[in-house]
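**Q** Any chance you can model this:
(chains A and B)
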Amino acid sequence: DQQVKQNSPSLSVQEGRISILNCDYTNSMFDYFLWYKKYPAEGPTFLISISSIKDKNEDGRFTVFLNKSAKHLSLHIVPSQPGDSAVYFCAARGGGSSNTGKLIFGQGTTLQVKP
Amino acid sequence: DVKVTQSSRYLVKRTGEKVFLECVQDMDHENMFWYRQDPGLGLRLIYFSYDVKMKEKGDIPEGYSVSREKKERFSLILESASTNQTSMYLCASRGRQGGPQHFGDGTRLSIL
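**A** Here you go, the predicted model:
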């Protein structure tokens, strides 16, 4: 069963507007969440993360919000730029995996930012 | 910067062949991972290794094996390749001290 779900396969936004990518999870033992960005023909690159003890983490144009009661996290990109067009993966780490860093990934959301 | 290098970007093999995918990292990381990426399924963990000669099955290990004889190198082996193993294969590494996993650029494997 999919423990990390990204229910929107794709998202299209206008340059300069906000992009909101969503992720839901089922396992309340997850203690750390990450977002990765992937361009075609390249490996995923780490974007931003959040610990389960926080509800928000910000890095420049990227902010991740965590709602533990709803088991939901979101990535906000403001303002969106054409170079942000990529596949975004949400990932979660189990509480017993802090040494190995083993992750469970969502299906990915393809973001297209139109000029 | 962490560098994770996968030996081939594209590979075409035939059904029944034994296939080796190689991955090397230059950061002395203890943990290394093999994933496959398929449309609509995201990244799924095949195997991971937390030390030399140590390995654990991931979520989809069937049809695969791995080898970690040296700390910097983690190999994925398709014992007898089948068409349903056509996929993008991604290797990653991570140190024990923390931080995110760092990925290679992937190997696009086609089994004919």
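**Q** So A:Gly83: helix, strand or coil?
**A** helix (DSSP: H, G, I helix; E, B strand; the rest coil).
**Q** Who are the contact partners of the closest residue to it other than its chain neighbours?
**A** Nearest non-adjacent residue to A:Gly83, counting by C-beta to C-beta, 6 or more residues apart in numbering or on different chains: A:Val113, 7.8 Å away. To be clear about C-beta, it is placed using only N, CA and C from the backbone, and glycine gets the same treatment. For A:Val113, the contact set (C-beta atoms under 8 Å, 6 or more residues apart in numbering or on different chains) comprises A:Ser12, A:Val13, A:Gln14, A:Glu15, A:Ser19, A:Ser80, A:Gln81, A:Pro82, A:Gly83, A:Asp84, A:Ser85.
**Q** my read: the second one touches A:Lys114, true?
**A** I take that to be A:Val13. Yes - counting by C-beta atoms under 8 Å, A:Lys114 is a contact partner of A:Val13 at 7.2 Å.
**Q** quick one: B:Asn31 from chain A, how far?
**A** Noted for B:Asn31: a distance of 5 Å to chain A, by C-beta to the nearest C-beta, to the nearest Å.
**Q** What's the local residue count around that residue?
**A** Using other C-beta atoms under 10 Å in any protein chain shown, B:Asn31 has 22 other residues around it.
**Q** for A:Gly43, same thing?
**A** 21.
**Q** Pull out the buried residues from stretch B:10-24.
**A** When neighbours are counted by 16 or more other C-beta atoms under 10 Å in any protein chain shown, the buried residues of stretch B:10-24 are found to be B:Leu11, B:Lys13, B:Val19, B:Leu21, B:Cys23, B:Val24.
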